[in-house]
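Student: Quick one, fold the following:
(2 chains)
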Amino acid sequence: MIKGNFIDNLPKVYGIYTGGFLAFIIIMAIGEQMGMTKYAIGVCFVAFTIFIYALIGWLSRTAQADAYYVAGRQVPTVFNGMATAADWMSGASFVAMAGGIYFKGYGYMALLVGWTGGYVLVASLLAPYLRKFGCYTVPDFIGTRYGGNLARFSAVVVLTVASFTYVTAQINATGTIASVALDIDFQYAVYIGLISILLCSMLGGMRGVTWTQVAQYIVLIIAYLLPVFWISNKMGAGFFPHFMLADEVARIGELEQQFGFVKNAAADLKTVPKGLAGITKAHSAVNATPWAFISLALAMMMGTASLPHVMMRYFTTPSVKAARKSVGWSLFFIFLLYSSAPMLATLSKLSLIDPNLPTGIIGKTFAEVEAIDWYQNWNQANLMFISDFNGNGTLELNEFFMGGKAVVLATPEIAGLPYVISGLVAAGGMAAAMSTADGLILAIANAISHDVYYKIIDPKAETAKRLVVARVLLVVIGFAGATIAAMEIQGILGSVIWAFDFAMSGLFFPLVLGVWWKRANRQGAIAGMLGGLAAGTWYLVWVRTGGSGFLGITQLTFGIFGSAVSLVLMVLVSLMTAEPDKATQKMVDDVRVPSGKSILGKSH
Amino acid sequence: MSNQQKHWEKTRSLLFITLAIWFVFSIGIFLFGAEMNEVTGPFGYPWTYWFTCQGSLGAFVILIFWFANRQEKIDEEFGFSEREDE
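Tutor: Numbering: from 1, shown residues only, chains lettered A, B, ... in the order given. Sure thing, here's the model as predicted:
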């Protein structure tokens, strides 16, 4: 069936894979009709998809540095776009984003703009130039452009802080889904999630991660779009929801007017389980100040352009030209999911609150709601809660509480879709969290093995030894992440946003100015990285411990302060010290030209 | 001015144009979010709401492809384009 080179056959391979996955969904649907239990369907979905990823990981095993670190630099643009989209869209995007939009509306949607607009910065400021450079990791660029072990090490520090903050959240998400789907304790589920993640990346490094991420993208996008289209059609809201939900959005506005946002007494709110929230903000009205919206979007955009696990995906393309195009494809594949999240939030909210719809629960009596099957299920899962605060016996808008995750996880069931869709959604969430965790753990392990071990500690190490070190680090970092995830210190979304702020505080300006400002030198870059990271961290701690903050910068946007400090320090220190030597200036000139040899050799 | 300097000059002006368009869709329009949301926009959604759901996101996708094509033209003009088989 398949002859010749693997790369040439990619469309065919993934075409067959997609067809096979769709067939699997149909088989599960038939199984459900024939009486398969919900538990069995959930286990099949999660186990089958993880088995496929592990198989791809095993088939991609390699012993070459070039394949391990940058997938042999031969990933075609469109496929690299899919892999980047999976790398990028985490458990937070998949499970929590629609919920955030549902509860917070406009103010939250700054994240949609920020997490897409950042790719314009990636494409125009960085990706093509770093590809031309020919580095294996992001600190590799910093270390060579600015020179010296201290600059390289500072970049590794920033990378590790940002990526590690991010990865604990992803392992947490895989654990949550595995524990629900497989019905086991969260403490153990976290390690099952971790082992699945390591299966993809251990043997094949970047090559294994690339081909599993493409497979994971296909699963997660089917799992996200299928329910949105199905629910929209079932509700009669429109055949193509993205273009046809204006009436539904307007209807939610009407209902908000009619019900009003009644404020609950503090004593009443204390009885609501932790993590659940009610609808307190307008769905489509502008409910944030321009600066609150713009500062959050800006922080996410600059963070996007500084996160190493995204940047290193563009090291795998065959050429500089392909790197640019590939950024466009990445964003296109991300756009497919992000533009659907507000639609899902709209459908979910309307089906719950509109008394004219059969699924609507507002205005029903408490006895009626408590008798509904799905309410009982999700109440038991601690994701839904109702309480008759005013004692009138009917459910009001302010008496209904839900967890953010329920928007994605429970809406198919509320709308009356078969359970097979819920199994599919679990597999999609697992794919989203696993693919991001893979990219992050690989970014950290590669930076430490390549930049700290090989470049600083033992520059004479042989390839085989380097790759053993890289793999050992992968496992160690994975287990450290899982251990912290098992402690459940922070929420998923909060720590993801912090990761962006850390990355932009320390890396944004040292990376950008490295290409765009020839005068930037080593001393400036080190001051910018360490100063920016320290300033950002200080601001976060200060605000978290009761500090008032300034200029409206919150704990979610502390990177704006950190990166401003980084910029000022970098420019001042660079100008006060000697300009970079001739060789470095020549190197910057070469980076700016797309053709010709890369700066670093094929195996450096 | 050398060939390389001219190439960089053009690359830099393309960057400024790209960043200007990026600024409009990521920051500019949200300065007037409240005012714009009063007006009905594409497909019947309020303007600002539509931009946050689809408009800005789609504009970024188109902008990146446009930028990549323009940059390729510049590279070709100065003979810095990479060979296909590389």
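Student: OK, contacts around the residue nearest in space to the middle of chain A?
Tutor: Residue closest to the average C-alpha location in chain A (CA atoms, centre = their mean): A:Ser90, at 2.8 Å. Taking CB atoms under 8 Å, 6 or more residues apart in numbering or on different chains, we find A:Ser90 in contact with A:Tyr166, A:Ala169, A:Gln170, A:Ala173, A:Ala432, A:Ala433, A:Thr436, A:Ala437, A:Val496. For glycine as for every other residue, the C-beta is placed from the backbone atoms N, C-alpha and C.
Student: now do A:Leu121
Tutor: A:Met301, A:Met302, A:Thr304, A:Ala305, B:Trp22.
Student: can you rerun that using 6 Å?
Tutor: A:Ala305 (CB atoms under 6 Å, 6 or more residues apart in numbering or on different chains).
Student: try A:Gln216
Tutor: Counted by CB under 6 Å, 6+ apart, A:Gln216 has contacts A:Ala86, A:Ala431, A:Ser435.
Student: Which positions in stretch A:320-339 come out as buried?
Tutor: Going by neighbour count (16 or more other CB atoms under 10 Å in any protein chain shown), the buried part of stretch A:320-339 is A:320-335, A:337-339.
Student: And it, how far out from the chain middle?
Tutor: Mean C-alpha position of stretch A:320-339 versus that of the full chain (CA atoms, centre = their mean, to the nearest Å) differs by 15 Å.
Student: Quick check: residues of chain A near chain B?
Tutor: By the rule CB under 6 Å from any CB of the partner chain, the part of chain A lying against chain B is A:109, A:112-113, A:116-117, A:120, A:123-124, A:243, A:246, A:284, A:286, A:290, A:293-294, A:319, A:321, A:324-325, A:327-328, A:331-332, A:335, A:338-339, A:342, A:592-595.
Student: Check the spacing between the residue in chain B that chain A sits nearest to and A:Ile101 real quick.
Tutor: Closest to chain A within chain B is B:Gly44: 3.1 Å, counting by CB to the nearest CB. Plainly put, B:Gly44 is 19 Å away from A:Ile101 if you go by CB to CB, to the nearest Å.
Student: same deal with A:Ala367?
Tutor: For A:Ala367 relative to A:Ile101 (CB to CB), the value is 32 Å.
Student: These two: which is more packed in?
Tutor: A:Ile101 (28 against 8; other CB atoms under 10 Å in any protein chain shown).
Student: Who are the packing partners of the helix or strand that contains the more buried one?
Tutor: Assigned by DSSP states H and E, A:Ile101 belongs to helix A:97-104. If you count contacts as 3 or more CB pairs under 6 Å, 6 or more residues apart in numbering or on different chains; DSSP states H and E, helix A:97-104 packs onto helix A:341-353, helix A:406-414.
Student: The next helix or strand after it to helix A:341-353, inter-axis angle?
Tutor: As assigned by DSSP H and E, the chain's next helix or strand after helix A:97-104 is helix A:106-121. On the basis of axes from the mean of the first three to the mean of the last three CA atoms, to 10 degrees, helix A:106-121 is oriented at 160 degrees to helix A:341-353.
Student: Where does the residue nearest to the spatial centre of chain B fall, secondary structure wise?
Tutor: For chain B, the residue sitting closest to the mean C-alpha position, by CA atoms, centre = their mean, is B:Leu63 at 3.4 Å. Using DSSP H and E, B:Leu63 sits in helix B:56-77.
Student: quick one: A:Phe479 and A:Ala583, what's the gap?
Tutor: A:Phe479 is 42 Å from A:Ala583, by CB to CB.
Student: And for A:Phe401?
Tutor: Counting by CB to CB, the gap from A:Phe401 to A:Ala583 is 63 Å.
Student: Sweet, I'm off.
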